[in-house]
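> the sequence isn't on hand, but the structure is:
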């Protein structure tokens, strides 16, 4: 056993920027980065595999099918239209668009023009959207006229301070005076030659959910994007993949990388404009899809839809699940359907840090978050910055070619990066002797009861093994005696009722779980407050207990 090492002992002497430069040099040397721009990389792939098909779903019945070559050609005209509006390399363009042809074409156009793409999740209202426009410096905002129940024009009109915004581009009919119709962008002369840009330039800014304050802008370079997009499901699977189902929202980091995926891999994709498990299942059956990825809620509802359906999903092989706690029971239910589902770990700052593969055993896929993705590394440290050996639990630090370049607010970087260039994730976990990661919690999600740290994730995993419980979210309820007590918010399965403290106690006793981990308060809910990628917003649950 090697001796323990203290992280950042020379913090005052070694700022993180030089360390990051050394990491970047390594990614270039190892082939994860290249000197071609993202636009050049996409053009090269489209030239070789332009016939790959992409399908876009608007609701259950409306499907638009296109080839990568056609969408790329359309994007060159839209790039010309954006150039005509005055946009130049390095300018930011804000997109609040669901998965759609227009979203993909606009993203490709922005890349071709060397712009910084700022995708925004559709649930963000005027307050968050206005902040993101100001923080990113976006000169253009692109929105649909309306989508489902959202009136985007009304939302935009309610932004009190639009900061640097110069142009509003609207997808659809009934475009208001002063705005630009998206379809008019395509009428411009195509911008055939990509704008001069460096692969180390910022190409993407995604915003975290901001559950504890204003959203944080996460800057990714073009090289980050090239390294991140191919890290979707097929790269972790041994089976061929003719097409992949994409259901993550376009404003999320996973959804954005899904947009790029076919254009960097030559593998087709089917995009849902909003998550609907029944539509997803029908798409899998109809087109004999083999893979997908998304949040735990996506997998759970897809499993439930399959369990009550007689559709043939025998082609479906692999599902990568991340973005939130993934109960082992969900992985096991997918296994019963013949699906090789697995957990993965990542964040907006460092997507897909770890993952499993389809040939890993069920116990590994259900109980760990996998091994390192290509180029990535993880270490576990204690509160004093000491690197811990396998089996010990502590904060997760990560690094890799997909690691972001920094926040839009530089003041946040000092707390985010160690002096030797690792990202302090704020997540808690442990590594085994084989280098497999198990994420156990967020620091703030640990329930501290009478000085005892209790993993909320562990309690949640136990709760969902009860036949009455569909989903669970555990937080600490303030208590004058113990500091906190374990409180469980639960969703029950259809037709089930009567899950109470007594039922929970019997359940935990039957499984041999320590008594102090048993919930001391049960709150039954119809659903949870969620972020756009399906993650439960625990701060809102905690607020209910104050």
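Everything's here; your move. Here the structure is a predicted model, which means the values were calculated and not measured.
> not counting sequence-adjacent ones, nearest residue to residue 224?
Of all residues not flanking residue 224 in the chain, residue 402 sits nearest, at 5.6 Å (CB to CB, 6 or more residues apart in numbering). C-beta coordinates here come from the backbone N, C-alpha and C atoms, glycine included.
> contacts only, for that neighbour.
By CB atoms under 8 Å, 6 or more residues apart in numbering, residue 402 lies in contact with 220, 224, 227-228, 231, 346, 350-353, 373, 375-376.
> so of the residues you listed, which ones are in strands?
residue 220 (DSSP state E).
> circling back to that earlier point, ok, the residue nearest to residue 224 to residue 419 distance?
Separation of residue 402 from residue 419 (CB to CB, to the nearest Å) stands at 21 Å.
> tell me what the helix or strand hosting residue 523 is packed against?
Assigned by DSSP states H and E, residue 523 belongs to strand 521-524. Judged by 3 or more CB pairs under 8 Å, 6 or more residues apart in numbering; DSSP states H and E, strand 521-524 is in contact with strand 483-492, helix 501-510.
> re the thing from before, tabulate the contacts of residue 402 (TSV), appending distance to residue 335.
Converted to TSV, these look like this (distance: CB to CB, whole Å):
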residue	distance to residue 335
220	34
224	33
227	30
228	28
231	23
346	22
350	28
351	25
352	22
353	24
373	22
375	29
376	26
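> any stretches of the protein with poor pLDDT?
1-15, 59-61, 209-214, 230-242, 323-325, 443-444, 450-451 (pLDDT under 70).
> mind splitting it into its structural domains?
Following automatic domain parsing, one gets these domains for the chain: 1-31+375-444, 39-225, 446-544.
> for the stretch 51-200 of the chain, just list every one of the helices.
Ranges of helices within the stretch 51-200 of the chain are 68-84, 101-113, 126-136, 152-157, 182-185, based on DSSP state H, counting those that start in this stretch.
> quick one: which of the ones you listed is nearest residue 268?
When the helices of the stretch 51-200 of the chain are compared by CB to CB, helix 68-84 sits nearest residue 268, at 8.1 Å.
> check which helices and strands that closest one sits against.
helix 38-49, strand 53-58, helix 101-113, helix 182-185, helix 253-265.
> separation between residue 56 and residue 187?
From residue 56 across to residue 187, the span is 22 Å (CB to CB).
> the stretch 351-500 of the chain: strands as residue ranges?
Secondary structure of the stretch 351-500 of the chain by DSSP state E, counting those that start in this stretch: the strands cover 354-355, 371-372, 377-381, 394-399, 406-407, 423-431, 437-442, 447-449, 452-454, 469-479, 483-492.
> just say which of those is most tucked in.
Comparing the strands of the stretch 351-500 of the chain by mean neighbour count (mean count of other CB atoms under 10 Å), strand 354-355 ranks first with a mean of 28.
> partners of it, with directions?
strand 340-345 (antiparallel), strand 371-372 (antiparallel) (DSSP bridges).
> roughly how far apart are the nearest residue to residue 123 once chain neighbours are set aside and residue 158?
With sequence-adjacent residues excluded and distances taken as CB to CB, 6+ apart, residue 123 is closest to residue 532, at 5.3 Å. Separation of residue 532 from residue 158 (CB to CB) stands at 19 Å.
> more crowded one of those two?
Per other CB atoms under 10 Å, whichever of residue 532 and residue 158 has more neighbours is residue 532, with 18 against 12.
> residues contacting the more buried one?
Neighbouring residues of residue 532 by CB under 8 Å, 6+ apart: 121-124, 209, 249, 251-252.
> repeat for residue 135
Counting by CB under 8 Å, 6+ apart, residue 135 makes contact with 207, 214-215, 217, 408-409.
> what do you get if the cut-off is 7 Å, keeping everything else the same?
Residue 135 is in contact with 217, 408, counting by CB atoms under 7 Å, 6 or more residues apart in numbering.
> same deal with the one 5 residues further on?
For residue 140, the contacting residues are 85, 87, 93-94, 166-167, 169, taking CB under 7 Å, 6+ apart as the criterion.
> out of those, which sit inside strands?
Those of the contacts of residue 140 lying in strands (DSSP E): 93-94, 167, 169.
> not counting its neighbours along the chain, what's nearest the residue nearest the centre of the chain?
In the chain, the residue lying closest to the centroid (CA atoms, centre = their mean) is residue 254, at 4.0 Å. Of all residues not flanking residue 254 in the chain, residue 248 sits nearest, at 4.2 Å (CB to CB, 6+ apart).
> so which helix or strand takes in that neighbour?
In the assignment (DSSP H and E), residue 248 maps to no helix and no strand.
> right, and it touches residue 533 too?
Yes - using CB atoms under 7 Å as the test, residue 248 is close enough to residue 533 to be in contact (6.3 Å).
> common neighbours of the two, please.
Common neighbours of residue 248 and residue 533 (criterion: CB under 7 Å, 6+ apart): residue 254.
> who is residue 439 paired with across the strands?
Beta-bridge partners, per DSSP bridges, of residue 439: residue 429.
> check contacts around it.
Counting by CB under 7 Å, 6+ apart, residue 439 has contacts 345, 369, 396, 427, 429.
> now do stretch 390-404: distance from first to last residue.
The first and final residues of stretch 390-404 sit 26 Å from each other (CA to CA, to the nearest Å).
> quick check: residue 283 touching residue 271?
No - the pair residue 283 and residue 271 does not pass the contact test of CB under 7 Å, sitting 9.9 Å apart.
> higher neighbour count, those two?
Ranked by neighbour count (other CB under 10 Å), residue 283 and residue 271 place residue 271 first, with 27 against 23.
> from residue 425, how far out is residue 398?
Computed as CB to CB, the residue 398 to residue 425 distance reads 6 Å.
> quick check: phi and psi on residue 149?
Torsion angles at residue 149 (phi, psi; degrees, to the nearest 10) stand at phi -100, psi 10.
> before we move on, back to that, highest mean neighbour count out of the strands paired with strand 354-355?
strand 340-345 (a mean of 26).
> that one vs strand 437-442, what angle?
With axes from the mean of the first three to the mean of the last three CA atoms, to 10 degrees defining the directions, strand 340-345 sits at 60 degrees from strand 437-442.
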